[in-house]
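Undergrad: let's see this in three dimensions:
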Amino acid sequence: MNRNRRVKIVATLGPASNTQAKIHALALAGADTFRINMSHASHDLMRQTVQHIRAVEAELKFPIGIMVDIQGPKHRLGTFENGEIDVVPGHVITLDSDPTPGNSERVHLPHPEILEAMEPGHRLLVNDGKVQLQVIETGDGWSKTKVLSGTWLADKKGVNVPDSDIDAGVLTEKDRKDLEAALKEEIDWIALSFIQRPEDLAEPRKIVGRKAGILCKIEKPQAVERLDDIIDLSDAIMVARGDLGVEMPLELVPSIQKKMIRKCRRAGVPVVVATQMLESMIHSPVPTRAEVSDVANAVYEGADAIMLSAESAAGDYPEDAVRTMNSIAESIEKDKGYVDVIAGQRPQAESTGADAISFAAAEIADTLNLAAIVCFTASGSTGLRAARVRPEKPILALSPVATTARRMAMLWGTKCVITPDSNTLEDVIDKACRCAHREGLAKPGERIIISVGVPLGTPGSTNMLRIAYISEDGQGSQNRVAS
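TA: Numbering: from 1, shown residues only. Prediction:
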């Protein structure tokens, strides 16, 4: 299960891929973390899928992350008397709180929070932006709008409100039930949809605690405006380009993606790039050239992970999609230009001991041409610090905590191994050398650098670096250890 790349791959599971045999094949093809989308999965299906993933993990002896994506509030139009109406630019239609079927003059919008937030000039994007409406007048429980573009409106089409701050929580009642069910399965990541502001994380964090990492999907302009504060409160970030591309001008999405990745790298927060990366592979065995370039750009920018959605969940070629993404990433990371770009964007060290140790380990590994950087971490914070540097040498993270190793499966350049805690420094060194050798990261006669905290077993106490030789039997040579 050795990967010849630093960026990780997240694969969404669905009807085309949620059997144990398919999950096994996707893991072999390159998937490091699997996403379960609660917009389409029942609790029973989610539990069964988690069991399949854990069975594959046990068989492959390789930590696999599981992300459960919470649906979030979905805004939709009501119904029409005839199922749909024709519209033209300039057509005026009122959105109101009356649940009776609509007509060419009015339609129900079953979301009072939107009607309360609407102001003249605000836009509503219906059916992924195919129809654009602009508010021209508002009242108690209604908003009069005119059509800016589009030709028809139909029952239950989705509504996006890019210009309005919706005064409602990020979790619906369905989301709370989904969240509770997911946490019982000890999943690794909870993905939150339609985050607008830092305050939206308060309720999910109270429910989740530290049972799972919280990943915030950035898909609304309001979230982009408050990005720094949201990053500070998140365990990971997703550049969710689907809804982001609906609610913001498409030409702005690439620059927003770059900004988000760089901010996350500086903060040491994992960042995932998602949506339409290999969209054509839903029905084609090969991607377009533009899609290959899109994946390559995310890799060049130093994203922690790149994600497949419908390509692996419902497509005709799920394994080919993962294999293609893996191949693109491997090719890009072999490019000399990739190394230069990653090194050129390396963030400054923060004035903490953990950051100083991580930067020093990377510098020493480069200067002495060591085989690998090995870090011991219980909480995962040492692994995060090591990955933040984006070192040239591979990172091997050893943890006695299975949940920590699984979460780090989405972390750039980090190979994770679950291993019992050590009681002595000698055991730490032997274990680091044996694991680096066994995982194919170091050969006999090569050296590795080890970061560890003393006293041993104290979370957050990383304060020591040791250089060790790999002996002929793959263990650490105790009499040849330098510090």
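Undergrad: regarding Q196, what is its secondary structure?
TA: coil (DSSP: H, G, I helix; E, B strand; the rest coil).
Undergrad: could you point out the helix or strand that follows the longest helix anywhere in the chain?
TA: Looking across the chain with DSSP state H, the single longest helix is helix 43-60. Counting by DSSP states H and E, the next helix or strand C-terminal to helix 43-60 is strand 65-69.
Undergrad: direction included, what does that next one pair up with?
TA: Looking at strand 65-69 with DSSP bridges, its partner strands are strand 33-37 (parallel), strand 189-192 (parallel).
Undergrad: how about residues contacting the last one?
TA: Around strand 189-192, the neighbours that count as contacts under Cβ atoms under 8 Å, 6 or more residues apart in numbering are 33, 35, 65-70, 72, 170, 179, 182-183, 200-201, 204, 208, 212-217, 235-236, 238, 407, 410. For the C-beta atoms, the positions are set from N, CA and C on the backbone; glycine is no exception.
Undergrad: looking at the residues you listed, which are in strands?
TA: Cross-referencing the contacts of strand 189-192 against strands under DSSP state E gives 33, 35, 65-69, 213-217, 236, 238.
Undergrad: number of residues surrounding P420?
TA: 9 (other Cβ atoms under 10 Å).
Undergrad: ugh, wrong one, S293
TA: Counted with other Cβ under 10 Å, residues neighbouring S293 total 11.
Undergrad: cool, the one 3 residues further on as well?
TA: Counted with other Cβ under 10 Å, the neighbours of A296 add up to 17.
Undergrad: confirm that it sits in a strand.
TA: No - secondary structure assignment (three-state DSSP) places A296 in helix, not in a strand.
Undergrad: nearest residue to it in space, please, no chain neighbours.
TA: I332 (5.0 Å; Cβ to Cβ, 6 or more residues apart in numbering).
Undergrad: isn't K443 up against A436?
TA: No - using Cβ atoms under 8 Å, K443 is not in contact with A436, being 9.3 Å away.
Undergrad: list residues touching both of those two?
TA: Common contact partners of K443 and A436 (Cβ under 8 Å, 6+ apart): 371, 470.
Undergrad: who's more crowded, those two?
TA: When K443 and A436 are compared for neighbours, A436 comes out ahead with 29 against 11, by other Cβ under 10 Å.
Undergrad: list the contacts for the more buried one?
TA: Here A436 is in contact with 371-372, 374, 396, 442, 448, 470 (criterion: Cβ under 8 Å, 6+ apart).
Undergrad: most surrounded residue in the residues you listed?
TA: V374 (32 neighbours).
Undergrad: that one contacts H437, doesn't it?
TA: No - the criterion here is Cβ under 8 Å, and V374 misses it with H437 at 10.9 Å.
Undergrad: one step back: show me what the longest helix of the chain is packed up against.
TA: Under the contact definition 3 or more Cβ pairs under 8 Å, 6 or more residues apart in numbering; DSSP states H and E, helix 43-60 sits against helix 20-29, strand 33-37, strand 65-69, helix 173-184.
Undergrad: reformat these as TSV; add distance to I364.
TA: TSV is the format used below for those (distance: least, Cβ to Cβ, whole Å):
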stretch	distance to I364
helix 20-29	33
strand 33-37	30
strand 65-69	29
helix 173-184	40
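Undergrad: how about those, which one is nearest A386?
TA: Closest to A386 of the helices and strands packed on helix 43-60 is strand 65-69 (Cβ to Cβ; 17.5 Å).
Undergrad: next, the angle from the closest one to helix 43-60.
TA: Computed by axes from the mean of the first three to the mean of the last three Cα atoms, to 10 degrees, the angle separating strand 65-69 from helix 43-60 equals 170 degrees.
Undergrad: contacts for strand 65-69, please.
TA: Against strand 65-69 from outside (Cβ under 8 Å, 6+ apart): 10, 32-39, 46, 50, 53, 178, 182, 185, 187-191, 193, 215, 217, 406-407, 409-410.
Undergrad: could you give the angle of that strand to strand 213-218?
TA: Using the same axes, to 10 degrees: strand 65-69 against strand 213-218 is 50 degrees.
Undergrad: what residues does whatever helix or strand comes next after strand 65-69 touch?
TA: Counting by DSSP H and E, the next helix or strand C-terminal to strand 65-69 is strand 84-86. Strand 84-86 is contacted by residues 102-104, 151-155 when judged by Cβ under 8 Å, 6+ apart.
Undergrad: most neighbours among those, which one?
TA: That'd be G102 among these, by other Cβ under 10 Å, with 25 neighbours.
Undergrad: so it bridges to which residues?
TA: F80.
Undergrad: give me phi/psi at the spatially most central residue of the chain?
TA: Geometric centre of the chain, nearest residue: V272, 3.7 Å, by Cα atoms, centre = their mean. Phi and psi for V272, reported as degrees, to the nearest 10, are phi -110, psi 130.
Undergrad: distance of it relative to L215?
TA: Going from V272 to L215 by Cβ to Cβ, to the nearest Å gives 7 Å.
Undergrad: so what sits against both of the two?
TA: 236-238.
Undergrad: may I ask which of those has the most neighbours?
TA: M238 (29 neighbours).
Undergrad: low-confidence regions, the chain specifically.
TA: 1, 457-461, 474-483 (pLDDT under 70).
Undergrad: sorry, back to before: for the ones in strands among the contacts of strand 189-192, work out which two are farthest apart.
TA: Among the ones in strands among the contacts of strand 189-192, I66 and C216 lie farthest apart (Cβ to Cβ), at 17.6 Å.
Undergrad: neighbour count for the two, which is higher?
TA: The neighbour comparison of I66 against C216 (other Cβ under 10 Å) goes to C216, with 28 against 25.
Undergrad: quickly list what the more buried one is bridged to.
TA: Taking DSSP bridges as the rule, C216 bridges to L192, I237.
Undergrad: from memory it sits against D232, does it?
TA: No - look at C216 against D232 with Cβ under 8 Å: they stay out of range, at 10.8 Å.
Undergrad: a strand runs through H437, doesn't it?
TA: No - counting by three-state DSSP, H437 falls outside a strand, being helix.
Undergrad: quick check: it touching A468?
TA: No - using Cβ under 8 Å, H437 is not in contact with A468, being 11.0 Å away.
Undergrad: for the closest residue to L201 other than its chain neighbours, give me its contacts.
TA: The spatially closest residue to L201, leaving aside those adjacent along the chain, is L233, at 4.9 Å (Cβ to Cβ, 6+ apart). Contacts for L233 (Cβ under 8 Å, 6+ apart) come out as 198, 201, 205.
Undergrad: quick one, which of H437 and A468 is more surrounded?
TA: Using other Cβ under 10 Å as the criterion, H437 and A468 rank with A468 on top: 27 against 22.
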